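> Fold the following.
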Amino acid sequence: MRFSGTFCMHNEECVSHLFFLCPFSREIWHRWWEAWCQGCIHATSLIDFWESLGRPPAKTSFLQAAWLVGPIFILWNLWLERNHRIFCGSKLGSSQVWKLILNRLQEMIYAKCDMSTYIDPGDQAIVRNLNLGDSCKGCSLRKRPSHGKQRVSRDGRWSPPPMGILKINTDGSSRGNPGHAGIGAIGRSDDGGAVFLLSVYKGQHSNNLMEALAIKVVIERGCSLGWRKIICESDSQIVVDMLNNQKLEDVSWQLASLARQTLSLCRYLDSVSFHYIPREWNRVADCLAKWASENVGRWDINSRDELPFEYCEIIDQMLLEDKSM
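Residues are numbered from 1 along each chain as shown. This next block holds a predicted model:
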């Protein structure tokens, strides 16, 4: 029996067509080569592709890693979307699959590579195109602070809370720090189902301020929905330590004010805890916060139904993957 192509529904599906020749797949590859400022490799088979790949066109170490593993992410996500279309009725467009590829590539690079390494000036455009960090005035990405208080394995995913407890993942984003900023969060119950989500643009602020504001807002939301027990996870160790230690003398008055408001709200709960987690465990909230900071203006999302369709598809895919872990 012969099957028509899953993406284009015109040609007979085979490995070469699925991964390289289908217009859907070719659009993904075009975005990849464009991100690297390279001409397209017009391969017709996996062997042709790997033989034509060549050396990384970048001097920065984490970009060299991305050059090698990125094509594997593309092939894997094309295969996943192909199967999701057949068995789950998925209908993601090429731009949405591309966003998923970038998100997953970013998770791997942040988890496995040293992001404080020197960035060659000629690689700045590639870093921006792959969303691997903000190009700053210096030639290195800002190193995540290390306090040594909380050692966390980076190999993992979101895990559900105990029954009767709401787990909320939060994130803040600032493009420029300070710059256009937003907050993102998602609350989930023990079955992994979304209780609420939010993605809100907040004007021009610093990243730490947005991290703290996100936590304060979600504690308010959890209380308003009637939850009495909350676990809050954030990838900002600075803000988590601030709330757990309650030492506010050495932080800015804005951060201290938000911390006091948050701690005051916690008095209405039976139990609440704040935990630091790596960014790759926090990817849903990370996406929601980034979208808020990117969509300057009246971006005020307070439920899944308010998200544009293409964003809904991405969030639904991430939630499904988290539940299956």
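> Tell me the secondary structure at the closest residue in space to Leu209 that isn't next to it in sequence.
In this structure, Leu209 finds its nearest non-sequential neighbour in Gln254, 5.7 Å apart by C-beta to C-beta, 6 or more residues apart in numbering. To be clear about C-beta, it is placed using only N, CA and C from the backbone, and glycine gets the same treatment. For Gln254, the assignment made with DSSP: H, G, I helix; E, B strand; the rest coil gives helix.
> Just confirm Gln254 contacts Asn208, I think it does.
No: contact criterion C-beta atoms under 8 Å: Gln254 and Asn208 do not qualify, at 9.0 Å.
> Those two: which has the busier surroundings?
Per other C-beta atoms under 10 Å, whichever of Gln254 and Asn208 has more neighbours is Asn208, with 21 against 14.
> Wait, a helix at the more buried one?
Yes: membership of Asn208 in a helix is supported by three-state DSSP.
> In contact with it: list those residues for me.
Taking C-beta atoms under 8 Å, 6 or more residues apart in numbering, we find Asn208 in contact with 172, 236, 238-239, 255.
> and those, which of them are in strands?
Judged by DSSP state E, the contacts of Asn208 include Gly172 as members of strands.
> and of the contacts of Asn208, the nearest to Arg157?
Minimum separation from Arg157 among the contacts of Asn208 (C-beta to C-beta) is found for Ser236, which lies at 19.1 Å.
> Skipping adjacent residues, who's closest to the closest one in space?
Residue nearest to Ser236 in three dimensions, not counting chain neighbours: Glu211, with 3.8 Å by C-beta to C-beta, 6+ apart.
> Could you identify the helix or strand that succeeds the host helix or strand of that neighbour?
Per DSSP states H and E, Glu211 falls inside helix 207-224. Next in sequence after helix 207-224, counting helices and strands by DSSP H and E, comes strand 229-234.
> quick one: that next one to helix 207-224, angle?
If you take axes from the mean of the first three to the mean of the last three C-alpha atoms, to 10 degrees, strand 229-234 sits at 160 degrees to helix 207-224.
> Strand 229-234 - contacts with which helices or strands?
Counting by 3 or more C-beta pairs under 8 Å, 6 or more residues apart in numbering; DSSP states H and E, the packing neighbours recorded for strand 229-234 are strand 166-175, helix 207-224, strand 271-276.
> Can you tell me which of these is packed in deepest?
Ranked by mean neighbour count, the helices and strands packed on strand 229-234 are led by strand 166-175 with a mean of 26 (mean count of other C-beta atoms under 10 Å).
> Tell me the helix or strand right after that one.
Going down the chain from strand 166-175, the next helix or strand is strand 179-188, by DSSP H and E.
> In the sheet, which strands lie alongside that following strand, parallel or antiparallel?
strand 166-175 (antiparallel), strand 194-205 (antiparallel) (DSSP bridges).
> Residues touching the last one, excluding its own?
The contact list for strand 194-205, computed with C-beta under 8 Å, 6+ apart, reads 166, 174, 178-189, 210, 213, 217-218, 221, 225, 227, 284, 288-289, 291-293, 295-304, 307, 315, 319.
> Check the gap between the closest residue to Gln237 other than its chain neighbours and Ser324 for me.
Among residues not flanking Gln237 along the chain, Tyr276 sits closest, at 4.5 Å (C-beta to C-beta, 6+ apart). The gap separating Tyr276 from Ser324 is 25 Å, by C-beta to C-beta, to the nearest Å.
> lowest-confidence helix or strand of this protein?
Taking mean pLDDT, DSSP states H and E as the measure, the helix or strand of the chain with the lowest value is helix 94-112, at a mean of 81.
> Counting by contacts, list what that one packs against.
Using 3+ C-beta pairs under 8 Å, 6+ apart: helix 94-112 touches helix 23-35, helix 61-88, helix 283-294, helix 309-324.
> Deepest-packed of those, please.
Among those, ranked by average contacts under mean count of other C-beta under 10 Å, first place goes to helix 283-294 (a mean of 24).
> so that helix versus helix 309-324, what angle?
Interaxial angle, helix 283-294 versus helix 309-324 (the same axes, to 10 degrees): 160 degrees.
> Domain parsing of the protein, as residue ranges.
Domain assignment for the chain, taken from automatic domain parsing, gives 15-129, 166-324.
> Out of the ones you listed, which is closest to Cys8?
Of the domains of the chain, nearest to Cys8 by C-beta to C-beta is domain 15-129, at 5.1 Å.
> All good on my end, thank you.
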